[in-house]
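> Sequence below, structure please.
(chains A, B and C)
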Amino acid sequence: MTNKTPAEFTLIIFPEPTTLTVRISGELDYDTSEDFVHVVVRHLAEHPRPHDVHLDFHELTWIDSTGLSALLMIHRHTRAADATLHLDNRPPVLDRILLVTNVLDHLTTPHHTRAHPSGRPANDDITGTGSF
Amino acid sequence: MKQPSTPDPEPVRDPDPLPERLWHAVADGDEERAVELVHGALEAGVTEETLLLDIIAPVQERVGAEWAADRISVAQEHAATAINERVIASLAHRRPHTRRRAPHRGRVTVGCVDGEWHAFPARLVAETLRLRGWRVDYLGAQTPTPHLVAHLHRTDPAAVLLSGSIPTHLPTAHAAITACQAIGIPVLAGGRAFGPDGRYARALGADEHAPDARGAAAVLEAGLPRPRPAAIRQASEDLPHLADQEYTMVVQTRPQLVKQTLADLEARFPAMRGYDDAQRERTAEDLAHIVDFLGTALYLDDPEVFTGFLTWTAGILAARNVPAHSLVTGLDVLSGLLRDFPRTVGMLRAGTAALGSRPFTGPDTRA
Amino acid sequence: MPAPADGLSAPAERLRSPDADRRVGETWTEAPHPVLVVDRHGGLLRINEAARHLLPAAVSGDWLHERVPAWLADAHQRISDGLRRTSAGPLTGIINDRLFEAHPTEAGDGDVVWWLADETERREAETALGNAQRRSEILSEVSSALLSTLNVPRCMEVAASMAAEHLAEAAVLVAPPQGRRYALTYARQGGPTTQVTRRVDISGVPGLSEALQGFPPVPARWINPDDIPDWVIPHDFAAPVGSVIVAPLPGHGVPAGALILLRSSTERAFTEGEEIFARLFAARAGAALSAARLYSEQAAITATLMRELLPPKLGSVHGVEYGGGYRAAKEQERVGGDFYDVHPGADTTEETLVVLGDVAGKGLEAAVLTGKIRNTLHALLPLAGDHQHLLDLLNSALLTSHHTRFVTLVLASVRRHAGRVRIRLTSAGHPAPLVVRADGSVTEVPARGSLVGVLPRVKATTVEVVLAPGESCLLYTDGITEARGGPLGDELFGERRLRRALADCAGMPAEAVVERVQMLVGQWLGPARHDDMATVAITAPRSAPAVVAGGHPRGRTRPRSRGQDSRRTP
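So this is what the prediction gives:
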């Protein structure tokens, strides 16, 4: 009983024509992040391309660095799909990690290349030489 | 441990004996002076073992006692311990230059029980054994048992010396002892946690017990037979009373017990409702310690583990002018919560009696 | 003949009933047992059909002792002389190579009827069963003893000594060669085991080189004991060798060695059953030895790789103290996603670079990434003066489209100047370092920045901190503040408690600061699981450092340094 019983991790998906909403509850961490990315990416592919992806964190109880890594991966996919990512109802635990790592703007800046006035892609490309 | 009766190595004109001067250097955080004193004594002909066990060890004992009596701060205690550690390291470091003697006795492993942060006694044992010609693998503070076992498989030592200072780690120590023996390595237990005369070492099935570094060396020199593989056993075989599940129950419900006791105490002592977060947390920590020691007493089926802790705590509180009545009330509340568990109730009753009969006998009564 | 269901004594009981006498006359001649009726003088009165079959030469009127072995004739004599009662129970002995139980009953006038029950098969079955039980007990004991250790030399020692204890007078375990040398383990019954590694000619032992290659064993009877070379025979094995078994130790795919069993010429030779048993024993020993060897090899590989990944030991560098603490989430792996390094400046005028960081993930996989990051940073050390540049280079080295694994870290460039320690601190997405002042106040260093390895650019700010003597700066990973536990069970340790812990650390040496933080967090956690946790304390010493990097005393009152000493030596 002293061992914390990890809150159940659940994802509820609401696919609508232009919006994909995913409600996340429980702990987004080392154990649950992989599933999270997998499910969201599958829905992005299956449904008509949404303009907006809303991740509703109202019932999120915990997020660690692997969870944040998952959010960054989902962002890559939404950007590739020309959708804007929204992180809604952020609890303090999420705000804190976004603040410390300084990635909130990166994750939520609206991104529509089609709508971009200059027509060039936002300065968001992966230009690294990384092989790690 | 007593002050040494060995001849004072310092010249007669010196007013203070070496341990006194070392104590002052260490308490002042003056590492330089401490190192100098010890190395000076070494050059004056005091043997290294005498320095370790009759000079440095008593100074370290005194560090603990002075903290308990509230004469030095936590910071001073930590700094003093760190300096003592470095003094030992400096002795060990100069050793190869002067006495390049290959280990000729055999290989042993010295480590602390998982969760045990007090590594100083283990360090003294490790250095003493090295001086006596053993090849020592010193694993340091809080050695996780899987790590210890992997090390033993790799090195196949003649024995494991397991050190423990705080009795609440004894259930963990038990698992470590059993694991070492299951792979055919005998265990020599030592340290205050194993009780006066090492009675808990025996209760937990350790092959031998030694009260101090010299005792440990003597046991090893006499030889420790390897345990037969038939020695593989379950905790409940050593301690049949565990079958009543009271230990398990108390340990598993610790957070709830602490929460409930805290609430009841607040109901009984209106003053507690005015506590700030820090005060409240300290009270909760005290209660958690009480439950931990209660659990350990149940594990060993020996109320002295519990009563010893309570009288020691009462002494600590008295030194800081904190009344100990909350301890008695805490035990009372716990007795109510745990009334269905006869062995537990017996322990709590013994605890209350000990607090009543031996009020605040001073800091160093812990087993 | 079916064995009586109710035990050995049953037929005797039945045959001794009071009216046996009268019934004998009607049925005994057809009894399936040999039956002899003998008078008090030892003369054979009558024998039945089964007895004639057993003793073809015997006829009525013969003397018993001329027809049956002495054990039976003597027993009859004793009964006739009144020295033994017929109720004393049956006797057992051999007649014509078969084992019989002889049950005497009185038939009046001093005559005795001997009922002979053939026990040969049953006794053989019992012996076989007993042997099988004993052997399976030995095998199970052998298995648990062998499997208890994963240390190869110890495993060989156990195998050889148990072989000598249960199978032979002496045993020699020959391990597969390492180069041209063989590790040999000698054991003698009741004696000590010894291990040596030496060059030996294995071709001198019939079947040994085959056994070491995993070929089927050569039957013991093919081996001439006189051919056994001296190196096989233990020093204290007195008598000449009488019989030999060479058994391969089968391993996991490759042979684990061979076992040579020796019995002296004064003992009986190995039987076929013993040879089969020796092979069973060798199979167990080989499996255990292979497991131990596999484990040792894996452990050695892990240790080698781990050495590169374990956090370094910290100490004093250029008049500044450093203390480091590390605890991995997966304690048995001992490494994880947190890391730290201290790269000393070339001399006291150069900055020392301290790095503490955290890679997303746990265990070995994360540790491998930390190793790459540490190597990259090491290579970039010449550029360490410009933190922003360093982070940009690291960022582009880490960026990849395959994943979004990132690292957060703190860079600290440290230099001691005029008794004070100046630190330039940059945080890249990492929890802000804390500073404890001499008066016990604790402040957060306002260094902020973004994580490294995912975004196209790293934004980070550098903040300078100056430490007076006795003051410390603590770098830590979030495993510390996110440790869950405490008296109420499920609370985070949190930054507030960390600050409170640090407030007590004013004036402490760096390693004591780290130890105190680690201890408090450890106690907070109890046995609960936790994330990787790393801490580094950078401390301005209260006085001039008494111990230089090597650990030699550099006393105020002793003006001669070691350097001067050595210069004076010609």
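
> Contacts only, for the residue in the stretch 1-150 of chain B that chain A sits nearest to.
Relative to chain A, the nearest point of the stretch 1-150 of chain B is residue B:115 (14.4 Å; C-beta to the nearest C-beta). All C-beta spots, glycine's among them, are computed from the backbone N, C-alpha and C. Residues in contact with residue B:115 (C-beta atoms under 8 Å, 6 or more residues apart in numbering or on different chains) are B:142, B:169, B:172, C:522, C:526-527.

> Find the nearest non-adjacent residue to it, please.
Of all residues not flanking residue B:115 in the chain, residue B:169 sits nearest, at 4.8 Å (C-beta to C-beta, 6 or more residues apart in numbering or on different chains).

> Chain A versus that neighbour, what's the distance?
When distance is defined by C-beta to the nearest C-beta, to the nearest Å, residue B:169 is 16 Å away from chain A.

> how many neighbours does that residue have?
Residue crowding around residue B:169 was assessed by other C-beta atoms under 10 Å in any protein chain shown; the count is 23.

> In this structure it contacts residue B:118, no?
No - taking contacts as C-beta atoms under 8 Å, residue B:169 lies outside contact range of residue B:118: 9.9 Å.

> where along chain A do the strands fall?
A:10-15, A:19-28, A:52-63, A:84-88 (DSSP state E).

> Which of those sits closest to residue C:486?
strand A:52-63 (16.3 Å; C-beta to C-beta).

> Could you list which residues are in contact with residue C:433?
Residue C:433 touches C:410, C:412, C:425, C:427, C:444-445, C:447, C:473-476, counting by C-beta under 8 Å, 6+ apart.

> sorry, that was for residue C:257
Residues near residue C:257 by C-beta under 8 Å, 6+ apart: C:156, C:173-176, C:212, C:249, C:251, C:286, C:289.

> Quick check: bridge partners of it?
residue C:249 (DSSP bridges).

> now swap in the one 4 residues further on and tell me
Per DSSP bridges, residues listed as beta-bridge partners of residue C:261: residue C:171, residue C:245.

> Tell me how far it lies from residue C:281.
According to C-beta to C-beta, to the nearest Å, residue C:261 stands 9 Å off from residue C:281.

> what are the C-alpha coordinates of stretch B:221-239, in PDB please?
Extracted in PDB, the C-alpha atoms of stretch B:221-239 (Å, rounded to 0.1, in the frame of the first residue of the first chain):
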ATOM      1  CA  GLU B 221      41.900 -14.800  10.800                       C
ATOM      2  CA  ALA B 222      40.300 -17.700  12.600                       C
ATOM      3  CA  GLY B 223      38.600 -18.700   9.300                       C
ATOM      4  CA  LEU B 224      34.900 -18.700   8.300                       C
ATOM      5  CA  PRO B 225      33.600 -21.900   6.800                       C
ATOM      6  CA  ARG B 226      31.500 -21.600   3.700                       C
ATOM      7  CA  PRO B 227      27.700 -22.100   4.200                       C
ATOM      8  CA  ARG B 228      26.300 -25.200   2.500                       C
ATOM      9  CA  PRO B 229      23.900 -24.500  -0.300                       C
ATOM     10  CA  ALA B 230      21.300 -26.200   1.800                       C
ATOM     11  CA  ALA B 231      21.500 -23.000   3.800                       C
ATOM     12  CA  ILE B 232      19.200 -21.400   1.200                       C
ATOM     13  CA  ARG B 233      16.200 -20.400   3.100                       C
ATOM     14  CA  GLN B 234      13.200 -18.100   3.400                       C
ATOM     15  CA  ALA B 235      13.000 -15.200   5.900                       C
ATOM     16  CA  SER B 236      10.200 -17.000   7.700                       C
ATOM     17  CA  GLU B 237      12.400 -20.000   8.500                       C
ATOM     18  CA  ASP B 238      14.700 -17.900  10.600                       C
ATOM     19  CA  LEU B 239      11.800 -15.900  12.100                       C
END
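
> ok, of the contacts of residue C:433, which one's closest to chain B?
Using C-beta to the nearest C-beta, the contacts of residue C:433 come closest to chain B at residue C:474, 14.1 Å.

> so that closest one makes contact with residue C:513?
Yes - with contact defined as C-beta under 8 Å, residue C:474 reaches residue C:513; the gap is 6.6 Å.

> does chain C sit close to the biggest helix by length in chain A?
Using DSSP state H, we find that the single longest helix of chain A is helix A:65-80. Yes - legend: contact between helix A:65-80 and chain C by C-beta under 8 Å from any C-beta of the partner chain is shown at A:65-66, A:68-70, A:72-73, A:76.

> In contact with the residue most central in space within chain A: list those residues for me.
Relative to the mean C-alpha position of chain A, the nearest C-alpha, by C-alpha atoms, centre = their mean, is the one of residue A:71, at 3.7 Å. With contact set as C-beta under 8 Å, 6+ apart, residue A:71 has these partners: A:55, A:87, A:107.

> Tell me the residue of the stretch 1-150 of chain B that sits nearest chain C?
residue B:32 (3.1 Å).

> tell me the SS of that residue?
Of the three states, residue B:32 takes helix according to DSSP: H, G, I helix; E, B strand; the rest coil.

> how close does it sit to residue B:83?
10 Å.

> Who has more neighbours out of these two?
For residue B:32 versus residue B:83, neighbours defined as other C-beta under 10 Å are more numerous around residue B:83 (28 against 20).

> In contact with the more buried one, which residues?
B:25-26, B:29-31, B:34, C:509 are the contacts of residue B:83 under C-beta under 8 Å, 6+ apart.

> any idea of the pLDDT on the closest residue to it other than its chain neighbours?
Spatially, and ignoring its direct neighbours in sequence, residue B:83 is nearest to residue B:31 (4.7 Å; C-beta to C-beta, 6+ apart). pLDDT for residue B:31: 86.

> Same question for residue B:65.
89.

> quick check, residue B:304 in a helix?
Yes - Residue B:304: assigned to a helix according to three-state DSSP.

> From residue C:89, how far off is residue C:122?
According to C-beta to C-beta, residue C:122 and residue C:89 sit 17 Å apart.

> repeat for residue C:523
In this view, residue C:523 and residue C:89 are 74 Å apart by C-beta to C-beta.

> more neighbours, these two?
Between residue C:523 and residue C:89, counting by other C-beta under 10 Å, residue C:523 is the more crowded of the two (17 against 14).

> Give me the nearest residue to the more buried one, chain neighbours excluded.
residue B:117 (8.0 Å).

> Quick check: that neighbour vs residue B:164, distance?
For residue B:117, the distance to residue B:164 equals 11 Å [C-beta to C-beta].

> In contact with the residue lying closest to residue B:84 once chain neighbours are set aside, which residues?
Computed as C-beta to C-beta, 6+ apart, the closest residue to residue B:84 that is not its neighbour in sequence is residue B:60, at 5.2 Å. Contact analysis of residue B:60 by C-beta under 8 Å, 6+ apart lists B:80-81, B:84, B:120.
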